[in-house]
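*Asks:* Coordinates for the following, if possible.
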Amino acid sequence: MRSANPVLDRLDDVGRAERQVLGVGTADAMTVADVVSRTVGLLLVTGVTAALSWVLVPQAAWISAALAGSALASLALVLVISLKQITSPPVIVGYAVLQGLLLGVASRAFELVYPGIVAQAVVGTFGVFLGMAVLYRARLVRATPRLARLVIGTLVGIVAIGLVNLFAYLFTGRQGVAVYSLSDRVGWLPYVFSVVAIIAGALSFILDFDLVERSAANRLPRRYAWYCAFGLLVGLIFLYWQILRLLSYVRR
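*Replies:* Next up is the predicted model:
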């Protein structure tokens, strides 16, 4: 079964091929605890960088360009790390730093317009993540092939529609399934789009947890714990943005 997270999607195939070529001893094998510790570490790096950028980066005319540059650099890193299956800690930590810069500056903009919204989004993000972890651990929601097809198809559609909407906004100024302005009125379609994105993002964690657990059971090399942690961080950041955007709609 594949993961709905594009970062973790090919982990099974890569790990199987590497085990066949090199072989992995028990002492060199990845564990779930390794993934947890590295995920926590990446979250701390992201959070500290976000806090520093929130406080230290001044609001100026060039801030939009800085945000765009950080977003493009982060996207480029995601693609490079995913396609190359990079497990280097410095590269992955570099992604966390870039995302922290982007999150800190952009979140402050939301906070200035809607006081308290960032804390609500953070609590909502980790609440959803922990809730899905509990549901997975209790086996109340199982990672089935049918769930994988549903979640993957939905996320692919969300990303595709979101990119079309973004380019339409950049070239025409029109906002459809997502509203980028912090003050414009919001119709029913952006609400539906955000709710679907949040549900799909939440369910993708079930597939990610299953893949991490199977990778550990199959004795994937320990360095892939960094790659798994990176994939979970990407999923958490996606969920945070969707929740933050939905909360901004509600607060208008």
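*Asks:* Spit out the contact partners of Gln120.
*Replies:* Counting by Cβ atoms under 8 Å, 6 or more residues apart in numbering, Gln120 makes contact with Leu247. Backbone N, C-alpha and C define where each C-beta goes, glycine included.
*Asks:* helix, strand or coil for it?
*Replies:* The three-state label given to Gln120 by DSSP: H, G, I helix; E, B strand; the rest coil is helix.
*Asks:* While we're on it, how confident is the model there?
*Replies:* Gln120 is assigned 96 on the pLDDT scale.
*Asks:* That one and Gly47: what is the separation?
*Replies:* From Gln120 across to Gly47, the span is 16 Å (Cβ to Cβ, to the nearest Å).
*Asks:* Give me the phi and psi angles of Ala138.
*Replies:* Ala138 has phi and psi values of phi -80, psi 0 when expressed as degrees, to the nearest 10.
*Asks:* So what's the residue count around it?
*Replies:* Using other Cβ atoms under 10 Å, Ala138 has 8 other residues around it.
*Asks:* Residue numbering should commence at 56 henceforth.
*Replies:* With the count now opening at 56, the last piece we talked about shows up as Ala193.
*Asks:* so for the helix or strand hosting Pro145, what's the average pLDDT?
*Replies:* Using DSSP states H and E, Pro145 sits in helix 144-168. Across helix 144-168, pLDDT averages out at 89.
*Asks:* What is that helix packed up against?
*Replies:* helix 87-111, helix 118-139, helix 172-192, helix 279-305 (3 or more Cβ pairs under 8 Å, 6 or more residues apart in numbering; DSSP states H and E).
*Asks:* List the buried residues for it?
*Replies:* 147-163, 165-166 (16 or more other Cβ atoms under 10 Å).
*Asks:* can you give me the angle the longest helix anywhere in the chain makes with helix 87-111?
*Replies:* The residue-count maximum for a helix in the chain (DSSP state H) belongs to helix 243-272. Using axes from the mean of the first three to the mean of the last three Cα atoms, to 10 degrees, the inter-axis angle of helix 243-272 relative to helix 87-111 is 140 degrees.
*Asks:* And Thr142, how close does it get to Thr86?
*Replies:* 15 Å.
*Asks:* Please apply the same query to Met187.
*Replies:* Taking Cβ to Cβ, one finds Met187 at 21 Å from Thr86.
*Asks:* now swap in Gly242 and tell me
*Replies:* Taking Cβ to Cβ, one finds Gly242 at 48 Å from Thr86.
*Asks:* before we move on, what about Ala106?
*Replies:* From Ala106 to Thr86 the distance is 30 Å (Cβ to Cβ).
*Asks:* and if you look at Ala188?
*Replies:* Ala188 is 17 Å from Thr86, by Cβ to Cβ.
*Asks:* Looking at those two, which is more packed in?
*Replies:* A direct count of neighbours by other Cβ under 10 Å for Ala188 and Thr86 places Thr86 higher, at 16 against 13.
*Asks:* Need the pLDDT of Val133.
*Replies:* 69.
*Asks:* no, scratch that, I was asking about Asp68
*Replies:* Reported pLDDT for Asp68: 57.
*Asks:* Also Ala105?
*Replies:* pLDDT at Ala105 comes out at 93.
*Asks:* how much space between it and Met85?
*Replies:* For Ala105 relative to Met85 (Cβ to Cβ), the value is 28 Å.
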